[in-house]
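Engineer: Okay, structure incoming, though there's no sequence with it:
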């Protein structure tokens, strides 16, 4: 085996201490052969300004000192690697190569004895960068040589996700229509609450830890600690979920009363608990595979999950099991089916991973991930509560058969939720562009880009809502046999509510760019409080209409708060944005008046009536020129020499 190369920065440290032929002391050049032969001597910083020439190397350091090995260290250089630690910042260490010609690199006082192929692999990877102090990690490998097993390109992943997302929504629409056709309103209401319970509790049961995988999986992978990262996060999620599920089993009767409004639904709560267990497992695996940059596999899993849910659910309902139990079991079965390919793909990745050269310190994963996971958990909790509050209040405060009222509400949200999913895709797409402008020091450009996106999205979603209003009677009276007449009556307000919620999802991206997560949480908390208060007041008197009105007002106030927060950070809320945000209020007046208003707004914007700012008009002009035939011809006719 060839002698390990002394890392450049470690060599700079050693040169400063031992000197070199060109320095003022006239010492010989330093090599790994001239390092101290005793194993585990460490070079650390010590403030000794006279020890070195500050201009001798490009790493400014105050000084160095030799620290002898601790008692009980390796006895000889034949038994262990020799390690050099240098520090050029409070949180960084640098490790040099071994002085032995037969031993691999070592990593400080905790380095285990060298052993066989694993140490040779460490040589081949040249893992010479260092971990942050206190993390207990081996140093990161060279990013240029590190490869995540089975990782995919960004373009391939995004393309697969977009294609599968369109297919999933098509399947989901067909599934929702058939569920509404075959389920009675009260059973549809039970399924709605069971699904809301599952989506609310799944992240809480594991404290939203998988939500932080995308940020920190690469951090541990580049330090060779991906295996312990997976083991520890899996162990935590299993333990936390087990405790959570045990609590649900013990408290199933009170929870059934809280969620479904009746103690007799304890069996359905047990079914929901089983579905919650499979959902947690499925979410963990998909979050981990996403963090491992296997987006195409995740897209296939999501598509398989959506397809199997539709197949199993429709099959059970068509066979005569027209109950909420059957739908919950179908969802649980779909997740179980997806666990098979997900587990196989994860095991393939696991076999390609190495164990770390040094043990991962106890608590290293928790200390790193806990702050971000806590923030994600708060945002998830507020967002899910914001969407579930009105439905839960219907169960407890609606007059008459509350579950049937909830089923009517569910039918009115089938079409509008399509708009919410489109807004979610748009917000995910626009965030990287806003972040690019923000990080490049162009917050004004980011604000103009978001303002234009909000105006166009509001007009587009409102126009789509008008089209759904025209299509709605056909669906409600034809496919569903007029059993959801109350749902059709509140459809215009449900569309208004969902358009505003979609604009909220877009508008809050500006706060994410500015790293104002707490502001987003505050806005959602205020909206949630307004939603709860109005529903408590309006539901007993006005029934379903009161619930929809209260939720619509809460969404409008949340949008107003977020826009006001954006303005405090340099965002400009002009007349055009105000009119675009108010346009959904035309929907309760009918589809034709709404379309007429939108045509008038479009004409005013084209005529330059101040609905679009100069920057927004310039952005539209540049976009049109970029895709014009003349521009494409110019690009095609450019000379190719020298390319």
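Structural biologist: That came through fine. Quick caveat, the model's predicted, so the values are computed rather than measured. Numbers count the residues shown, from 1 in each chain.
Engineer: Not counting its neighbours along the chain, what's nearest the residue nearest the centre of the chain?
Structural biologist: Nearest to the geometric centre of the chain sits residue 211, at 5.7 Å (CA atoms, centre = their mean). Nearest residue to residue 211, sequence neighbours excluded (CB to CB, 6 or more residues apart in numbering): residue 376, at 4.0 Å. Yep, even glycine has a C-beta here, placed from its N, CA and C like the rest.
Engineer: residues contacting that neighbour?
Structural biologist: 203, 208, 211-212 (CB atoms under 8 Å, 6 or more residues apart in numbering).
Engineer: Rebuild the residues you listed as CSV, extending it with pLDDT and secondary structure.
Structural biologist: Shown next, in CSV, are these (pLDDT from 0 to 100; DSSP: H, G, I helix; E, B strand; the rest coil):
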residue, pLDDT, secondary structure
203, 94, helix
208, 93, coil
211, 87, helix
212, 87, helix
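Engineer: Between those residues, which sits nearest residue 535?
Structural biologist: Nearest to residue 535 out of these is residue 203 (CB to CB; 23.8 Å).
Engineer: Could you find the closest non-adjacent residue to the closest one?
Structural biologist: Distances taken as CB to CB, 6+ apart place residue 380 nearest to residue 203, at 4.6 Å, with adjacent residues excluded.
Engineer: Over to residue 216?
Structural biologist: The spatially closest residue to residue 216, leaving aside those adjacent along the chain, is residue 369, at 5.4 Å (CB to CB, 6+ apart).
Engineer: Residue 566 too?
Structural biologist: Once flanking residues are discounted, residue 566 sits nearest to residue 510: 4.7 Å by CB to CB, 6+ apart.
Engineer: ok, then the element right after the helix or strand hosting that neighbour?
Structural biologist: Residue 510 is located in helix 509-513, with elements delineated by DSSP states H and E. Heading C-terminal from helix 509-513, the first helix or strand you meet, by DSSP H and E, is helix 517-542.
Engineer: Give me the buried positions along that next one.
Structural biologist: Of the residues in helix 517-542, 517, 519-521, 523-524, 527-528, 530-532, 534-535, 538-539 count as buried by neighbour count, 16 or more other CB atoms under 10 Å.
Engineer: Using neighbour counts, pick out the buried residues of the helix or strand just after it.
Structural biologist: Downstream of helix 517-542, the first helix or strand assigned by DSSP H and E is helix 544-568. Within helix 544-568, the residues that qualify as buried are 544, 546-563, 565-566, counting by 16+ other CB under 10 Å.
Engineer: tell me what helix 544-568 is packed against?
Structural biologist: Contact here means 3 or more CB pairs under 8 Å, 6 or more residues apart in numbering; DSSP states H and E; on that basis helix 544-568 packs against helix 364-397, helix 402-413, helix 491-507, helix 509-513, helix 517-542, helix 575-582.
Engineer: hmm, try it at 7 Å
Structural biologist: Judged by 3 or more CB pairs under 7 Å, 6 or more residues apart in numbering; DSSP states H and E, helix 544-568 is in contact with helix 364-397, helix 402-413, helix 491-507, helix 509-513, helix 517-542.
Engineer: How many neighbouring residues does the residue nearest to residue 216 have?
Structural biologist: Using other CB atoms under 10 Å, residue 369 has 26 neighbouring residues.
Engineer: Low-confidence stretches in this structure?
Structural biologist: For the chain, the stretches with pLDDT under 70 are 1-162, 623, 625-643.
Engineer: any chance you could map the strands in it?
Structural biologist: Ranges of strands within the chain are 42-45, 64-67, 85-89, 92-95, based on DSSP state E.
Engineer: I figured residue 182 hits residue 315, correct?
Structural biologist: No. Residue 182 lies out of contact with residue 315 (CB atoms under 7 Å); the separation is 11.2 Å.
Engineer: Between the two, which is the more surrounded one?
Structural biologist: Using other CB under 10 Å, the more surrounded residue of residue 182 and residue 315 is residue 182, with 20 against 12.
Engineer: so who does the more buried one touch?
Structural biologist: Shown in contact with residue 182 (CB atoms under 7 Å, 6 or more residues apart in numbering): 317, 322.
Engineer: Quickly note the distance from it to residue 429.
Structural biologist: To residue 429, residue 182 is 35 Å away according to CB to CB, to the nearest Å.
Engineer: and if you look at residue 354?
Structural biologist: The gap separating residue 354 from residue 429 is 36 Å, by CB to CB.
Engineer: And for the nearest residue to residue 484 once chain neighbours are set aside, the neighbour number?
Structural biologist: Nearest residue to residue 484, sequence neighbours excluded (CB to CB, 6+ apart): residue 411, at 3.9 Å. Look at residue 411: counted by other CB under 10 Å, it has 30 neighbours.
Engineer: i'd like the first residue to be 2 from this point on
Structural biologist: Okay, residue one is now 2; in that scheme the one you just asked about reads as residue 412.
Engineer: Residue 412 contacts residue 181, doesn't it?
Structural biologist: Yes. At 5.2 Å, residue 412 counts as touching residue 181 under the criterion of CB under 7 Å.
Engineer: Mutual contacts of these two, please.
Structural biologist: Residues touching both residue 412 and residue 181 (CB under 7 Å, 6+ apart) are 481, 485.
Engineer: List the buried residues for stretch 204-217?
Structural biologist: Neighbour-count burial for stretch 204-217 flags 204, 206-214, 217 (criterion: 16+ other CB under 10 Å).
Engineer: Tell me the spacing between residue 192 and residue 175.
Structural biologist: With distances taken as CB to CB, residue 192 is found 16 Å from residue 175.
Engineer: go on, residue 543?
Structural biologist: Counting by CB to CB, the gap from residue 543 to residue 175 is 33 Å.
Engineer: that older thread, closest to residue 614 out of the contacts of residue 377?
Structural biologist: residue 212 (36.1 Å).
Engineer: residue contacts, the closest one?
Structural biologist: Shown in contact with residue 212 (CB under 7 Å, 6+ apart): 204, 288, 374, 377, 381.
Engineer: cutoff 8 Å now
Structural biologist: Residue 212 touches 204, 288, 374, 377-378, 381, counting by CB under 8 Å, 6+ apart.
Engineer: returning to that earlier point: can you redo the contacts of residue 377 as CSV, where the extra columns are distance to residue 238?
Structural biologist: Formatted as CSV, the contacts of residue 377 follow (distance: CB to CB, whole Å):
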residue, distance to residue 238
204, 11
209, 11
212, 12
213, 12
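Engineer: for these, which one is nearest residue 494?
Structural biologist: Closest approach to residue 494 among the contacts of residue 377 (CB to CB): residue 204, at 29.3 Å.
Engineer: Tell me who's in contact with that closest one.
Structural biologist: Contacts of residue 204 by CB under 8 Å, 6+ apart are 211-212, 284, 377-378, 381-382, 385.
Engineer: Just name the closest of those to residue 402, please.
Structural biologist: Nearest to residue 402 among those, counting by CB to CB, is residue 385 at 25.5 Å.
Engineer: May I ask you to confirm that that closest one is in contact with residue 199?
Structural biologist: No. Counting by CB atoms under 8 Å, residue 385 stays clear of residue 199, with 10.3 Å between them.
Engineer: Now do the helices in the stretch 102-251 of the chain.
Structural biologist: Assigned by DSSP state H, counting those that start in this stretch, the stretch 102-251 of the chain shows helices spanning 117-126, 155-183, 186-206, 214-222, 227-251.
Engineer: report the angle between the axes of the third one and helix 227-251?
Structural biologist: I take that to be helix 186-206. Helix 186-206 and helix 227-251 are oriented at 140 degrees to each other (axes from the mean of the first three to the mean of the last three CA atoms, to 10 degrees).
Engineer: How about helix 186-206, which residues are buried there?
Structural biologist: Going by neighbour count (16+ other CB under 10 Å), the buried part of helix 186-206 is 186-204, 206.
Engineer: Please apply the same query to the last one.
Structural biologist: Burial within helix 227-251, assessed by neighbour count using 16+ other CB under 10 Å, is assigned to 227-231, 233-234, 237-238, 241-242, 245-246, 249.
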